[in-house]
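Student: the following block contains a protein sequence and its predicted model.
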Amino acid sequence: MAAGSALRVHAVRFGPGQELFGSLQAFVEERRLRAPFIITCVGSVTRATLRLANATATNTNEVLQLSGRYEIVSLVGTLNSDAHLHISLADAQGATVGGHVLGDLEVFTTAEVVVGDAVDLQFSREPDPRTGFPELVVLTRSEVERAA
């Protein structure tokens, strides 16, 4: 489903030692955002746990655990209660690695994040038998009100 919405923008900075994924989820919950997504993020991390692209619903063991100093060169995705984020990280030589964020994103110096909220929508996830994963469901405000 495709739907349009007004946009509310939030900016937040996380500091050294904070776990970025959980901190973003707490930020969303505290503000009761209904259709949140990452607009942009810059910063650095010392740890990351990522699921790689060749994982399937029955084989989710393709996991990469990183430890070191990495620049966040991209962070994208939706932040509803079942957040779906992808990240690209660059090491000291500029080599990049990326994947689906499982957690363990420990901030090194800073993580400056701009979060958008599509205020007329609500994001959720439901199992999709075609992929085997919970996939994004987008509801308009009127659809949510009719279902209540």
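Tutor: Received, thanks.
Student: any low-confidence regions in the chain?
Tutor: By pLDDT under 70, the low-scoring segments of the chain are 1-2, 55-60, 148.
Student: wait, what's in contact with the residue lying closest to residue 110 once chain neighbours are set aside?
Tutor: Of all residues not flanking residue 110 in the chain, residue 43 sits nearest, at 4.8 Å (Cβ to Cβ, 6 or more residues apart in numbering). Where you see a C-beta, it was placed from the backbone N, CA and C, and this is true even at glycine. Taking Cβ atoms under 8 Å, 6 or more residues apart in numbering, we find residue 43 in contact with 14, 20, 71, 72, 107, 108, 109, 110, 111, 112, 113.
Student: from residue 93, how far out is the last one?
Tutor: Taking Cβ to Cβ, to the nearest Å as the criterion, residue 113 is separated from residue 93 by 25 Å.
Student: likewise for the second one?
Tutor: As defined by Cβ to Cβ, residue 20 lies at a distance of 23 Å from residue 93.
Student: next one: residue 101
Tutor: According to Cβ to Cβ, residue 101 and residue 93 sit 22 Å apart.
Student: which one's more surrounded, the two?
Tutor: residue 101 (22 against 5; other Cβ atoms under 10 Å).
Student: my read: the more buried one touches residue 47, true?
Tutor: No - Residue 101 lies out of contact with residue 47 (Cβ atoms under 8 Å); the separation is 11.7 Å.
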